[in-house]
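*Asks:* quick one, what's the 3D model for this:
(2 chains)
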Amino acid sequence: MSENGHISKLLKNKMQRRTFLKWSSTIGIPVIAGGVGTKLLVERQQKEEVSSAKVEEKIVSTCSINNCGGRCVIKAHVKDGVVVRVTTDTQESGDLSTLPLRACVRGRNYRSLLYHPDRLKYPMKRVGKRGEGKFERISWEEAIETIATEVKRIGDHYGPESRYVNYASGQSWGLHGGKNAARKLLSLTGGFLNYRNDYSSGAGNVATPYTYGTNNSGSSFDSLLHSKYIILWGQNPSEMIFSTPYREYLMQAKKNGAKIIVIDPRYTDTAIAFADEWIPILPTTDNAMMDAMGYVIITENLHDHEFLDKYCLGFDDSHMPDGIPKGESLKNYLLGIKDGVPKTPEWAEKICRVPAEKIREIARNYANIKPAALIQGWAAQRQAYGEQFMRGGAQLACLTGNVGKLGGWAAGTGYWSRSDIVYPFSFENPVKASIPCFLWTKAVEKGIKMTAEDGLEGVERLTSNIKCIFNMAGNMLINQHSDINKTSALLEDESKVEFIVVSDLFMTPSAKFADILLPGTTFFERWDIGVPWCFGDYVILGERTIDPLYECRDEYDVFAEVAEKLGIKDKFTEGKTTFDLVKESVERTKKELDPNFPSFEEFRDKGVHHFKFDEPLVGFKEQIDNIEKQPFETPSGKIELFSKALWDMNQHDEIPAIAKYIPSWEGPEDPLTEKYPLQLIGWHYKRRCHSTYDNQSWLEEAAKQEMWMNPLDAEKRGMKNGDRAKVFNERGTLVIDVKVTPRITPGVIGIPQGAWYTPDKDGLDQRGSLNVLTSQRPTPLAKANPQQTNLVEVKKA
Amino acid sequence: MAQLGFYINQSLCTGCKACSVSCKDKNNLDVGINFRRVYSYENGSFIQQQSKGLVQNVQAYYYSIACNHCTNPKCIPSCPTGAITKNKESGVVTIDQKVCQGAQLCVKACPYGAPQYNSKEFKSDKCDFCMNLQEKGEEPVCVSTCPMRAIEFGPVEKLRKKYGSISQIKGMPKASITHPNIVITPHKDAKL
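*Replies:* Modelled structure (predicted):
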């Protein structure tokens, strides 16, 4: 770094310090001391009037950029450089294409997040054992110097494949962000080991294309206004906010008279607000119910013959790919012609515990009430045989002919996409090798032994295990990855991973494993653009609202300085600031993608842009309207209920060619239930976005971290509401308060995912961090995370 | 100005608690003090059939409530210092923080749990209908927050004309005690 750069940085930091002092004298009272009520509020306002009588409140519209499926308008009320309050989108709209993007409880807490006293304030280096959490303050100069030296050393010594940027989604769901900054830096210095897929919908992402040829299944939300019957299978948009306007469309669909069924082990908040009926089910057994629905539909002749004949491969023996022995069709399987087990509702009832008559009723309704939408959440594909869940839903949609029709829904992962923006921050990684993201711990331990069977792609063999990890704005290093005890032991061993860089807002469980720890910025302190999951039809400008607090810095700027140290700053920044990136994105989106996109000034003025469409997007409408001209992107050009590609893998027990129920390891049929009789699941909790906000006290008050247990299971164990419980299996033990509630299926317990791993002196987690109990065994096809598949036992702590 | 009241479309409430936390953000309230609260109700049980299937009759709902600015508020006569008054024009009930001595009798008197005691300030306080926002022409913060747009406010007579006269659901105190100025569309499981 040049002397000038250093001086200007120091000056900048000085200015930040002044801002901080100003901030601490004002906002410190309400947030930290808190609970002051109206009187103090009035006094504080009077005091401010004296000191800054001329300072007017200005409102800056911004947007969060974490991995929340929703994306909402956050209006920061700023006074004298301090955010004094946040409000959200207040527009009352009758126009369904510009629905208000109102923040949920998490968004209402953002001021508390911004000014939280535990924010990381300056760069630090590790001084204790790795993972112990002992750090010492260092200068930015030293942090940057160390990163540059280690990046070079490890790259030179082990080769670029030894360097890895971990999956992360904290403050990085925008145009730039830590993950991408690290990737670009590594790309420019030889490259890094790539990962594929994600932890959210890993099994589905790989499985769904085997059915449709693409992962872009589903339809746009406005199509639901035409649905008459909606099945939400393991989907809970009221808590995990799949996309901010989704709830509004569900509400409207309900008003339009659609009957809504929720199938879930929990009576979710979504079920409370929207469902006509809740169907409790045991985790990992969804496909048994799906199979039985298929059985009912075909034995009662409710299936759409024309649809199956014309668009699908594999339904019956006369519609099979060449070279497959007789008897392997879906129909044969469901009727039990080959295995002698007809997949009757009575057969399924014993497995999934949904009464046979209920399965019949739902199957008949789904087949008869048209159009019907079966929408799948991603929870149930996060299990041992998660691939089957996604393909199974698609299978039902095809049996009933609900694909390609307005008001129907092409079940599957559901990554429809009809609006996009340009991402101007780009890089090209010279390394072609990639691993499934869930197997990074394997690549640390025995990367050079990984093969195509482990999902290694791009090379025959890796030249090195992972030796250097960048974990930017993410908690996957410890908290969100499976089997925390195993992962911690792996990372504590400094002979394996030699260097770990973490950036974050707080001292998370992952941050404790850093060698160099960088204080990141919140969205209030940086420029960006917020894009909802699956490109919901709007984008929100993330305007920088205040200067970064303390010594916090955007990762982009940090890595630009690392690049400078390595003599490649110009290549890294291409002369652009983050503000330039935002402006470029807007300008290029208007020019290259959508002439109706606003100019930067217009965008800034409005804060949000809604993409407009004349009619709903109906998944696969083009194919269904004209399959000759517009075949599916599968090998056969049809929807593949039977996939020859899967058949050819020749692992029919775990990777069948048609979707089917496979009794799961650590499922209700596993003999292990004798020792560990309870199935444990997690869910996206309304008060957190994954693990983000776990340390926020207003949110803990709104929805505390507690384990759900049915009264029948609690009684057996002599447990009452509010008791402390020990939850354990072979992989670990955690301690948590119990909520005894009929809102969860007997035999199942639920712990909201994302709580920060908080071991006591004996290593027992005291917070309820689910991943103490989850397994690193991947799903067979996608090599994805099976974190909803766990057997445990519970006793009073 | 006529008596103001809240309307809660409880049938839409997802229990997200954005109303409660936005009220804290606006009023700078510490943990433990909630001018607007979201209660939950759950009831029912499971029976396992001979054939293994599980049958349930579970009922559950959420309910958001602040101060109901009652026509006959029990808090006012309970206060020994006369700190609580009801505005003659708007009917809004407020606690004067200069006069309150923290006796907490209002906390005990209110059947809805509206007054909240602040043990650091030794005073009670509660929802004041965001009158300072209303004076600027803005909505109370809970109203402008609710992602389901399930909270409205206005002259209570107007709300009753628009939404009917239900002011009590399962689990709530009898409306005849204080005559709360609230209008509710109940959740299907919450109807009396």
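*Asks:* what ranges does chain B have for its strands?
*Replies:* B:4-9, B:37-43, B:46-48, B:54-56, B:59-65, B:84-86, B:93-95, B:116-118, B:123-125, B:151-155, B:182-185 (DSSP state E).
*Asks:* run a quick neighbour tally on A:Tyr423.
*Replies:* 17 (other Cβ atoms under 10 Å in any protein chain shown). C-beta here means a position set from N, CA and C on the backbone, and glycine is covered the same way.
*Asks:* per-residue pLDDT, the spatially closest residue to A:Ile65 that is not a sequence neighbour?
*Replies:* Excluding its sequence neighbours, the residue lying closest to A:Ile65 (Cβ to Cβ, 6 or more residues apart in numbering or on different chains) is A:Gly174, at 4.0 Å. Per-residue pLDDT puts A:Gly174 at 92.
*Asks:* same question for A:Tyr415.
*Replies:* Value listed for A:Tyr415 in the pLDDT field: 87.
*Asks:* same thing with the one 5 residues further on?
*Replies:* In the predicted model, A:Asp420 carries a pLDDT score of 91.
*Asks:* what parts of the stretch 101-250 of chain A come near chain B?
*Replies:* A:102-105, A:107-109, A:111-112, A:238-239, A:244, A:247-248 (Cβ under 8 Å from any Cβ of the partner chain).
*Asks:* and those residues, which two are the farthest apart?
*Replies:* A:Ser112 and A:Glu248 (26.3 Å; Cβ to Cβ).
*Asks:* count of neighbours near the residue nearest to A:Ile65?
*Replies:* By other Cβ under 10 Å, neighbour count at A:Gly174 equals 25.
*Asks:* wait, it sits on A:Ile529?
*Replies:* Yes: using Cβ atoms under 8 Å, A:Gly174 is in contact with A:Ile529, at 5.8 Å.
*Asks:* give me the common contacts of those two.
*Replies:* Jointly contacting A:Gly174 and A:Ile529 under the rule Cβ atoms under 8 Å, 6 or more residues apart in numbering or on different chains are A:Gly542.
*Asks:* select the longest helix from chain B.
*Replies:* In chain B, with assignment by DSSP state H, the single longest helix is helix B:18-27.
*Asks:* ok and it relative to strand B:151-155, angle-wise?
*Replies:* Helix B:18-27 runs at 60 degrees relative to strand B:151-155, counting by axes from the mean of the first three to the mean of the last three Cα atoms, to 10 degrees.
*Asks:* pLDDT (mean, whole number) over helix B:18-27?
*Replies:* 97.
*Asks:* just checking, what packs against that helix?
*Replies:* helix A:37-51, strand A:82-88, helix A:697-702, strand B:37-43, helix B:141-145 (3 or more Cβ pairs under 8 Å, 6 or more residues apart in numbering or on different chains; DSSP states H and E).
*Asks:* mean pLDDT lowest for which of these?
*Replies:* Taking the mean pLDDT of the helices and strands packed on helix B:18-27, helix A:37-51 comes last: a mean of 38.
*Asks:* which SSE is immediately downstream of that one?
*Replies:* As assigned by DSSP states H and E, the chain's next helix or strand after helix A:37-51 is strand A:58-63.
*Asks:* residues in contact with whatever helix or strand comes next after that next one?
*Replies:* Going down the chain from strand A:58-63, the next helix or strand is strand A:73-79, by DSSP H and E. For strand A:73-79, contacts defined as Cβ under 8 Å, 6+ apart pick out A:48, A:52, A:55-64, A:83-89, A:101-103, A:107, A:110-111, A:523-524, A:540, A:545-546, A:607-608.
*Asks:* quick check: pLDDT value at the nearest residue to A:Ala356 once chain neighbours are set aside.
*Replies:* Among residues not flanking A:Ala356 along the chain, A:Pro345 sits closest, at 3.5 Å (Cβ to Cβ, 6+ apart). For A:Pro345, the pLDDT comes out at 98.
*Asks:* so A:Pro345 touches A:Ile359, yeah?
*Replies:* Yes: under the criterion of Cβ under 8 Å, A:Pro345 makes contact with A:Ile359 at 4.1 Å.
*Asks:* give me the common contacts of these two.
*Replies:* With Cβ under 8 Å, 6+ apart, A:Pro345 and A:Ile359 have common neighbours A:Ala292, A:Val296.
*Asks:* what number of residues lie near the residue in chain B that chain A sits nearest to?
*Replies:* Per Cβ to the nearest Cβ, B:Asp30 is where chain B lies closest to chain A, at 2.5 Å. Neighbours of B:Asp30 under the rule other Cβ under 10 Å: 23.
*Asks:* just A:Asp483 next, same as before
*Replies:* Residues lying near A:Asp483 (other Cβ under 10 Å) number 20.
*Asks:* that one and A:Ser775 touch, don't they?
*Replies:* Yes: using Cβ under 8 Å, A:Asp483 makes contact with A:Ser775 at a distance of 6.1 Å.
*Asks:* which neighbours do those two share?
*Replies:* A:Arg731.
*Asks:* contacts only, for A:Glu584.
*Replies:* A:Val422, A:Pro424, A:Lys576.
*Asks:* please check those and keep the buried ones.
*Replies:* Buried members of those, counted by 16 or more other Cβ atoms under 10 Å in any protein chain shown: A:Val422, A:Pro424, A:Lys576.
*Asks:* so who does the second one touch?
*Replies:* Taking Cβ under 8 Å, 6+ apart, we find A:Pro424 in contact with A:Leu175, A:Lys576, A:Leu581, A:Glu584, A:Ser585, A:Arg588.
*Asks:* rerun at 7 Å
*Replies:* A:Leu581, A:Glu584, A:Ser585, A:Arg588 (Cβ atoms under 7 Å, 6 or more residues apart in numbering or on different chains).
*Asks:* near the residue lying closest to A:Leu617 once chain neighbours are set aside, how many other residues are there?
*Replies:* Closest residue in space to A:Leu617, ignoring its immediate chain neighbours: A:Ser220 at 4.0 Å, by Cβ to Cβ, 6+ apart. By the measure other Cβ under 10 Å, the count of residues near A:Ser220 is 21.
*Asks:* and the pLDDT at A:Ser220?
*Replies:* Listed pLDDT for A:Ser220 reads 93.
*Asks:* hmm, it is touching A:Trp416, no?
*Replies:* Yes: the pair A:Ser220 and A:Trp416 qualifies as a contact (Cβ atoms under 7 Å) at a distance of 6.0 Å.
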